[in-house]
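# Sequence first, then the predicted structure:
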Amino acid sequence: MQNEYEVIHYAKLRHVHVGFVEIVHRNFHVHREFEFGLVLDGEARLSLRSAMSPLRRGSLFAINPNEPHEIIAEPQSKVRIAYVQIANSFCRDYLEFLHNLMFLEHDLGACLAADKRARVTRLLLNAIRDFADDGQVNTLHCMGNVIALLSALVDDVPYQLYTDTAYYANKKRAARIERVMEYVDSHFYEKVSLAELAQQEKMNVSYLSSFIHQQLGMTFQDYVNNVRLEKAIPLLLNTDKSPTDVSIESGFSDVRYMTRAFESRFGISPKAFREMQNAGGKVASTSRQPMQNYVSYETGMLWLEKFSRDTAFDLSGGKPRPAV
């Protein structure tokens with residue numbers, strides 16, 4: 001069963017994790033950490049409840065802890081992202097307010113002036129580079145950049161502080177939406193019952209329906225179709241199965257329902273989606289196409305160097321740095 005509550009493992013630095021990921025479609029999920037990302041290549045849509053932000057090369061975004069979000073690459077594209085995830089317990093003895101902080105803007109590029117956006121980008125990328133490099137001095141540099149990144153964001157991005165009561169209420173909502181996601185992921189191939197889920201949650205059906213819409217910005221049935229789409233896409237890209245067979249295996253009762261879901265989500269039919277993805281563009285390949293692919297730091301650093309060349313962005317900020 002796919003876990004839509006993403007658990008972050010801190011392999012190198014306590015309370016901080018960085019990485020690189022390539023995404024075709026990452027369904028709604030939540031995690032307990034702040035996530036700050038930079039798009040290195042490709043185009044996508046970031047969805048959070050009723051809000052949607054376009055992502056393209058150079059876009060900066062912020063996700064709060066326990067905040068359901070989804071990333072979908074545009075047709076004929078994959079989106080490559082470098083990210084830093086920071087637990088809200090980071091430096092808890094000194095930064096206790098992080099536990100209750102929530103940023104009110106997700107599209108950081110829209111709320112930061114050009115010079116401040118460049119500074120945040122550089123701090124984020126330097127934290128990633130230092131994290132990827134070995135050595136205690138680089139770990140110290142990484143911590144310094146993470147603290148400077150948080151400081152810059154708190155200075156220039158609108159935020160609010162939860163009361164403890166509101167924080168735990170939000171955490172409870174996140175746990176409930178995680179159970180909804182797990183239920184759908186376990187039953188997507190059959191008739192999914194909101195009434196059964198409401199009984200499991202000991203809630204009124206109408207209230208649960210409203211809760212799901214409030215948290216995900218879509219109806220329960222739309223979310224079910226979203227999960228089925230996530231199952232259908234790899235079958236379209238990685239096999240020569242007919243749309244009818246794909247619809248059956250991914251839980252749609254009829255190929256017409258799958259077609260409507262594709263047209264609603266991507267604006268094109270399943271057949272056109274398959275043809276566009278296999279047409280020789282950024283995502284064209286005869287190999288298997290994962291919906292989300294984490295890559296090594298070595299590969300990620302090559303992405304960073306390409307981003308720097310393509311955008312003429314000075315990663316060093318004018319300071320000499322060790323060669324990667």
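Yes, it's here.

# Could you list the low-confidence segments of the protein?
1-12, 50, 135, 278-290, 315-324 (pLDDT under 70).

# where exactly do the strands run in it?
Shown for the chain, the strands assigned by DSSP state E span residues 16-23, 25-29, 33-41, 44-48, 51-55, 60-63, 69-73, 79-87, 101-103, 159-161, 292-295.

# quick one, which of those is nearest to residue 195?
strand 25-29 (21.4 Å; CB to CB). (Glycine included, C-beta is placed from N, CA and C.)

# Give me the helices and strands touching the closest one, please.
Judged by 3 or more CB pairs under 8 Å, 6 or more residues apart in numbering; DSSP states H and E, strand 25-29 is in contact with strand 69-73, helix 164-187, helix 220-238.

# most neighbours per residue, which of these?
strand 69-73 (a mean of 23; mean count of other CB atoms under 10 Å).

# Look up how far residue 115 lies from residue 149.
15 Å (CB to CB, to the nearest Å).

# and the two? which has more neighbours close in?
More neighbours surround residue 149 than the other of residue 149 and residue 115, with 22 against 8 (other CB atoms under 10 Å).

# can you pull the contacts of that one?
Residue 149 makes contact with 36, 84, 120, 123, 124, 127, according to CB atoms under 8 Å, 6 or more residues apart in numbering.

# For the second one, which residues are in contact?
In this structure, residue 84 makes contact with 16, 17, 18, 35, 36, 37, 124, 127, 128, 146, 149, judged by CB under 8 Å, 6+ apart.

# Of the residues you listed, which is the nearest to residue 138?
residue 127 (10.4 Å).

# how many other residues sit next to the closest one?
Residue 127, neighbours per other CB under 10 Å, totals 26.

# try residue 96
Residue 96: 11 neighbours (other CB under 10 Å).

# One more: residue 31?
Neighbour count for residue 31, taken as other CB under 10 Å: 20.

# That one against residue 64, yeah?
No. Contact criterion CB atoms under 8 Å: residue 31 and residue 64 do not qualify, at 10.1 Å.

# Pull out the buried positions in stretch 261-280.
Neighbour counts over stretch 261-280 (16 or more other CB atoms under 10 Å) mark 261, 262, 265, 266, 268, 270, 273, 274, 276, 277, 278 as buried.

# With respect to residue 224, which of the contacts of residue 84 is nearest?
For those, with residue 224 as the reference and CB to CB as the criterion, the closest is residue 35, at 25.6 Å.

# So that closest one is in contact with residue 62, correct?
Yes. If you go by CB under 8 Å, residue 35 and residue 62 touch, sitting 7.3 Å apart.

# Tell me who's in contact with residue 113.
Per CB under 8 Å, 6+ apart, neighbours of residue 113: residue 156.

# how close does it sit to residue 36?
From residue 113 to residue 36 the distance is 18 Å (CB to CB).

# returning to that earlier point: please tabulate the contacts of residue 149 in CSV, including the columns distance to residue 108.
Shown next, in CSV, are the contacts of residue 149 (distance: CB to CB, whole Å):
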residue, distance to residue 108
36, 8
84, 12
120, 7
123, 12
124, 10
127, 15
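
# out of those, which one sits closest to residue 196?
After measuring the contacts of residue 149 against residue 196 - CB to CB - the closest member comes out as residue 36, at 38.0 Å.

# these two touch, right, the closest one and residue 59?
No. Assessed by CB under 8 Å, residue 36 is found out of contact with residue 59, at 11.6 Å.

# quick one: which of the two has more around it?
residue 36 (25 against 21).

# Please work out how many residues are found near the nearest residue to residue 163 once chain neighbours are set aside.
Excluding the flanking residues, the one nearest residue 163 by CB to CB, 6 or more residues apart in numbering is residue 100, at 7.2 Å. Residue 100 has 15 neighbours, counted by other CB under 10 Å.

# Now do residue 100 against residue 143, distance only.
In terms of CB to CB, residue 100 sits 22 Å off from residue 143.

# returning to what we had before: what's the closest of the strands of the chain to residue 184?
strand 25-29 (9.6 Å).

# chain center to the closest one: distance?
Counting by CA atoms, centre = their mean, to the nearest Å, strand 25-29 is centred 7 Å from the centre of its parent chain.

# and if you look at stretch 222-230?
That offset, for stretch 222-230, works out to 16 Å (CA atoms, centre = their mean).

# So what touches it?
25, 27-28, 70, 180, 184-185, 188, 192, 212, 216, 218, 250-252, 257-258, 261-262, 264-265, 291.

# ok, now stretch 255-268?
For stretch 255-268, using CB under 8 Å, 6+ apart, the contacting residues are 72, 75, 225-226, 228-229, 232, 243-244, 246-247, 250, 252, 269-270, 273, 276.

# can you give me how far it is from the chain middle?
That offset, for stretch 255-268, works out to 23 Å (CA atoms, centre = their mean).

# Fine, thanks again, bye for now.
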